[in-house]
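Colleague: Sequence first, predicted model second:
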Amino acid sequence: MAKYFMFPCQSVGKFWPSLFLGVALLASSGCATMMAKAVTNASLVDPSRRYAATTSVQLLRERPREPYKVIGYLETLGNEYVNSEIFLVENMRAKAREIGADAIVVHSKGRTTVRGSDIIQLLEGEAIKF
């Protein structure tokens with residue numbers, strides 16, 4: 001009788017681990033707001049010109065000596081849980097791949113600004129093609 005009380009039908013027993021996992025994920029979703037998040041915005045120099053996405057983007061701290069073309073300006077914003085400039089740089093690099101850049105020149109070290117009650121991490125750079 002006790003077995004019937006715990007599992008009213010035989011099939012529920014098979015799905016118990018999945019059901020437990022689903023409930024656990026729902027219960028912990030409130031903690032998701034405390035995760036590091038970043039977004040990179042891109043302003044293309046010539047929006048009518050599109051480049052194929054690239055698979056690799058170099059990270060540069062200064063402009064290269066070889067000829068290059070600036071294809072866009074990048075700004076990466078991170079929330080107060082971002083505790084590493086690398087997290088911001090990798091987000092910027094992903095956006096640069098999307099717009100077809102060969103490299104990014106990071107102009108400003110990650111800095112913290114306050115907007116209202118929000119603490120924002122900011123990183124700026126240029127997307128370039130060789």
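Modeller: All right, it came through fine.

Colleague: where exactly do the strands run in the protein?
Modeller: Applying DSSP state E to the chain gives strands spanning 38-44, 58-60, 69-78, 103-106, 111-115, 118-129.

Colleague: what sits up against the third one?
Modeller: Applying CB atoms under 8 Å, 6 or more residues apart in numbering, the set of residues contacting strand 69-78 from outside is 36-46, 49, 51, 87-89, 91-92, 95-96, 99-101, 104, 110, 120-129. From N, CA and C alone the C-beta is placed, and that goes for glycine too.

Colleague: which residues pair with residue 70 across the strands?
Modeller: In this entry, residue 70 is beta-bridged to residue 128, by DSSP bridges.

Colleague: Pull the number of nearby residues for it.
Modeller: 15 (other CB atoms under 10 Å).

Colleague: Same check on residue 61?
Modeller: Neighbour tally, residue 61, other CB under 10 Å: 9.

Colleague: In terms of pLDDT, where does it sit?
Modeller: pLDDT for residue 61: 90.

Colleague: ok, residue 46 - contacts?
Modeller: Neighbour list for residue 46: residue 71 [criterion: CB under 8 Å, 6+ apart].

Colleague: Can you tell me how far it is from residue 97?
Modeller: Distance, residue 46 to residue 97, using CB to CB, to the nearest Å: 19 Å.

Colleague: for residue 40, same thing?
Modeller: Counting by CB to CB - residue 40 and residue 97 are separated by 11 Å.

Colleague: which of these two has more neighbours?
Modeller: Between residue 40 and residue 97, residue 40 has the larger neighbour count (other CB under 10 Å), namely 24 against 17.

Colleague: Show me what that one is bridged to.
Modeller: Beta-bridge partners, per DSSP bridges, of residue 40: residue 76.

Colleague: isn't it right next to residue 94, touching?
Modeller: Yes - between residue 40 and residue 94 there is a contact under CB atoms under 8 Å: 7.2 Å.

Colleague: Give the buried residues for stretch 71-91.
Modeller: Across stretch 71-91, burial judged by 16 or more other CB atoms under 10 Å covers 71-72, 74-79, 82, 85, 87-89, 91.

Colleague: and what of stretch 46-65?
Modeller: In stretch 46-65, counting by 16+ other CB under 10 Å, buried: 54, 57.
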